[in-house]
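*Asks:* Below are the sequence and a predicted model for it; my questions follow.
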Amino acid sequence: MAKVVLNQVSKRFSDSVAAVSELNLEVADREFLVLVGPSGCGKTTTLRMIAGLEEVSNGQITIGDRDVTHVSPKDRDIAMVFQNYALYPHMTVRRNMSFGLRLRYGGNLVSRMWRRWQNSESAAKREEQFQQIPAKVDQVADTLGIGKLLDRYPRELSGGERQRVALGRAIVREPAAFLFDEPLSNLDAKLRVEMRRELKELHRRLGATMIYVTHDQVEAMTLGDRIAVMDKGVLQQVGPPSEVYHKPANRFVASFLGTPGMNLLEGELVQENGRFQFRGCGIQLELAASQCPELEPSGSRKVTLGVRPEDILLTEDASAEWLAAGQGQVELIESLGDVGFVHIRLPADEANGAVSPRITAKAGVNVALDRSILGLQDRPASIAFR
Ligand code: ATP
């Protein structure tokens, strides 16, 4: 397995389309890195450049110790799994899975005869690897639970089975790195959850370097050792999922991750007599010093207060502490069964909250922002901690 490094990599399709700009990214050996971002942000282009299916306009890509920037895809020692599976329709599952290895170790009958005639050590080794292909395919197929499907054609398989075959085809090649381009997006919701779990388990078992493209936040948060968030061809932040979620580097990351995204409230941070207060959107919130950026004694500065929807608490009990924290009023509640989304009107802004569906808040009820869960900075993004 291998480390994958992108150094100042850019891709321009034309003067007006910069799909990826000066991307620096290091994917560690055996790491599961998820590239996530909205449609058109450059995820697929990045993956295709790593695979060699797209030429880079600038920059350098290394896999392991090898500079592969201008190496052809078949010589990069990577395997890619596509959203549409890309199986050969006229080949059985067995043939689909063995095809890449047969090309690598076998070749056509003439080249195999030639190798036998050569009688060299390397030719003998290749022949031995060629002979081992059927056993390898059987073993991987068994691991993925598709052992009984080996003689079927892709048209005789369900979407989930096709996806397993595509995975199997990648695994038998034992590549230095796996690249996945939204591999689960054609599956129904239940199967997606199942395959997600299997992929995670597979990663653990194979100990392989994996780079996975998705626009699905749940996949990103659950699969990635780290996630890399992109927007408009530019890397915004890379880090472990919980760090990116709780400490977004900027406004884009704060509002892209989470459903709904982080509430960003504009206001002023005031320090008076050693106490910190956020004033903005018609609310006043007392904050702990540890939640606030450095201020001159008795100073103030403009800040953005970031509040995760799940950190907004609902109450009809206007107790003293909660009153001091700040208030809004519930405008609308949507229940999704497992979670309730509340739309909250603040005196001079609005916010989204996510609450347990057991809370039977009604429109018109007062809400409190609990000060113990708030944090803020004067950088473009700010953070909420529970
Ligand atoms: P999605 O989630 O919708 O697949 P993405 O993040 O993978 O999007 P890319 O497919 O990498 O985005 O595209 C990045 C940008 O490059 C987009 O603006 C897209 O229109 C443009 N682009 C991609 N391929 C080409 C191409 N072959 N020619 C011209 N422009 C392209």
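*Replies:* Structure received. Source: prediction; values computed, not measured.

*Asks:* going forward, measure contacts and count neighbours with C-alpha atoms only.
*Replies:* OK.

*Asks:* Got the domain ranges for the protein?
*Replies:* Residue ranges for the domains of the chain, per automatic domain parsing: 4-255, 258-377.

*Asks:* Would you format those domains as TSV with distance to the ligand included?
*Replies:* What follows is the domains of the chain, written out as TSV (distance: least, CA to the nearest ligand atom, whole Å):
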stretch	distance to the ligand
domain 4-255	3
domain 258-377	17
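
*Asks:* which stretch in those is the model least sure about?
*Replies:* With a mean of 71, domain 258-377 has the lowest mean pLDDT of the domains of the chain.

*Asks:* Excluding chain neighbours, what is closest to the most centrally placed residue in the chain?
*Replies:* Nearest to the geometric centre of the chain sits Ala220, at 3.0 Å (CA atoms, centre = their mean). For Ala220, ignoring the flanking residues on the chain, the nearest one in space by CA to CA, 6 or more residues apart in numbering is Val34 at 5.7 Å.

*Asks:* For that neighbour, I want the exact helix or strand it lies within.
*Replies:* In this structure, Val34 sits in strand 32-36 according to DSSP states H and E.

*Asks:* Can you give the strand pairings for that strand, parallel or anti for each?
*Replies:* Using DSSP bridges, strand 32-36 pairs in its sheet with strand 209-214 (parallel), strand 226-231 (parallel).

*Asks:* List the contacts of the last one.
*Replies:* Right, the one you point to is strand 226-231. Contacts with strand 226-231, where a contact means CA atoms under 8 Å, 6 or more residues apart in numbering, come from 32-38, 41-43, 220-221, 235-241, 244, 252-253.

*Asks:* next one: the first one
*Replies:* Defining contact as CA under 8 Å, 6+ apart, one finds that strand 209-214 is touched by 1-3, 27-37, 43-44, 47, 176-182, 203, 220.

*Asks:* Go through these and flag which are in helices.
*Replies:* Lys43, Thr44, Leu47, His203, Ala220 (DSSP state H).

*Asks:* residues contacting Gly267?
*Replies:* Phe278, Arg279, Gly280, Cys281, Lys302, Val303, Thr304, Leu305.

*Asks:* re the thing from before, from the contacts of strand 226-231, which would you call buried?
*Replies:* Among those, those buried by neighbour count (16 or more other CA atoms under 10 Å) are 32-38, 41-43, 220-221, 235-239, 241, 244, 252-253.

*Asks:* Mean neighbour count added to the strands paired with strand 32-36, as CSV?
*Replies:* Below are the strands paired with strand 32-36 laid out as CSV (neighbours: other CA atoms under 10 Å):
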stretch, mean neighbour count
strand 209-214, 24
strand 226-231, 24
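
*Asks:* Which stretch among those strands approaches Ala135 most closely?
*Replies:* strand 209-214 (24.1 Å; CA to CA).

*Asks:* all strands for the stretch 151-300 of the chain, in order.
*Replies:* 177-181, 209-214, 226-231, 234-239, 263-272, 275-280, 283-287, 300-307 (DSSP state E, counting those that start in this stretch).
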